[in-house]
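> Pasting a predicted model and its sequence here:
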Amino acid sequence: MPPRINPPNRRLRPILAVLAITLVSGCSSNPVDAPPPTIAPAQAAVSPPVTARPDGEMRPLAAPAQAALVDPATGALVVLEGDDGSRVSVFGRDGDPRTVPLPGPASALVGDGDGWVFASTRGGYHRIDVAAGTVDTVVLDGRGDTDFTAIARRADGRLVLGTADGAVLTLGGDNAVDAELKIFARVDALVTQGDTAVVLDRAQTSVTALSEDGDNAAQALRAGEGATTMAADSMSRVLVADTRGQGLLVYTVDPLILRQQYPVRDAPYGLTGSATLVWVSQTASNTVVGYDLATGIPVEKVRYRTVQQPNSLAFDESSGTLYVVSGSGAGVQVIADAAKGGR
């Protein structure tokens, strides 16, 4: 049976503060209620051709990747593929990938850590059984025409979805919307730490932490000069790539605070975290770097040559394997014992 989304938690946590989003060209009297002017969203660099063999091993990829994650229950790498995200490929640790066609195009992935992956799609989300390779689609009540662009899962099991027109929906069941907040230009990425959802809006280059009930912005901060991607790690941090500003931004939530800001050249884009290192890809140079954040200032520990267009990263904590997945279809790079220098 598919997993059920836990019923909503009715306890409302007080909002600690509302921080104004720093604007690009001015200030609003209430920027959370009135979104600021937008800028042209930043993008990954168009990577140059690979001139040296990428480190680690390579596996073929049938089409450009849009997103990737590791499912801890099966140890599989799950890749959302195709220009429209029309299928997922499941890479087992010791075999060829299995292709799972999706009933409709998808935009983002999140897993529950227990063998299920959810992919946002128009009208709702696909629910994928990683081991069985089966899919069913859940259409949200009254949202059949909504273009969902992002998805995350809270610690309490509730899914959070973002839309192309700037709304965040917190579900109270498989297909029931319990809360909605519409203050963004577009929801480009969602992550969670505990029951706190965090929103990345590229056009506002902002990150916003939501209240636990999902219908208010608890805090909001400017995110560099042109933030593009976001990831949550196991150390309670939220990582953001400031691609235009050439940097790595590290936040904590509850309240949302920028803890570290560190220069990363060559159009940083792909992100993933592990218990020991934070991984950032440099799309202008086909490189991935592992940083140790333990001292409060990121310290480079390892650096690898990558596949062309290293847009998506995923890390398998149980095996220490780093996956670098190409946004141009050039393949999946597998770097074993990545934190130790690879092999």
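Okay, I see it. Computed from a prediction, not measured in an experiment: that's the story for all the values here. Numbering: from 1, shown residues only.
> Stretch 300-314 spans what distance, first to last residue?
End-to-end distance for stretch 300-314, by C-alpha to C-alpha, to the nearest Å: 18 Å.
> Identify each buried residue in that stretch, please.
For stretch 300-314, burial by neighbour count (16 or more other C-beta atoms under 10 Å) applies to 301-302, 304-314. The way it works is simple: take the backbone N, C-alpha and C, and place the C-beta from them, glycine included.
> Residue 276 versus residue 296, what's the distance?
16 Å (C-beta to C-beta, to the nearest Å).
> The two: which is more packed in?
Neighbour count, other C-beta atoms under 10 Å: between residue 296 and residue 276, residue 276 has more, with 18 against 9.
> Skipping its backbone neighbours, what lies nearest that one in space?
Once flanking residues are discounted, residue 276 sits nearest to residue 339: 5.3 Å by C-beta to C-beta, 6 or more residues apart in numbering.
> count of residues packed around that neighbour?
The number of residues packed near residue 339 is 19, by other C-beta under 10 Å.
> So it versus residue 198, what's the distance?
25 Å.
> Check residue 209 too.
Residue 209 sits 5 Å away from residue 198, taking C-beta to C-beta as the criterion.
> Identify the contacts common to those two.
253, 256 (C-beta atoms under 8 Å, 6 or more residues apart in numbering).
> contacting residues around residue 245?
224, 225, 226, 227.
> before we move on, the earlier item: the residue nearest to residue 276 belongs to a helix?
Yes. Under DSSP: H, G, I helix; E, B strand; the rest coil, residue 339 sits within a helix.
> Next, the contact list for it, please.
274, 276, 277, 290, 301, 302, 320.
> Strands of the stretch 1-150 of the chain, start to end?
57-59, 65-71, 76-81, 87-91, 98-101, 106-111, 116-121, 124-129, 134-139, 148-153 (DSSP state E, counting those that start in this stretch).
> Among the contacts of residue 245, which are located in strands?
Among the contacts of residue 245, DSSP state E puts residue 227 in strands.
> residue contacts, the residue nearest to residue 184 when sequence neighbours are not counted?
Using C-beta to C-beta, 6+ apart and skipping the chain neighbours, the partner closest in space to residue 184 is residue 166 (3.7 Å). For residue 166, the contacting residues are 35, 182, 183, 184, 185, 186, 187, 201, by C-beta under 8 Å, 6+ apart.
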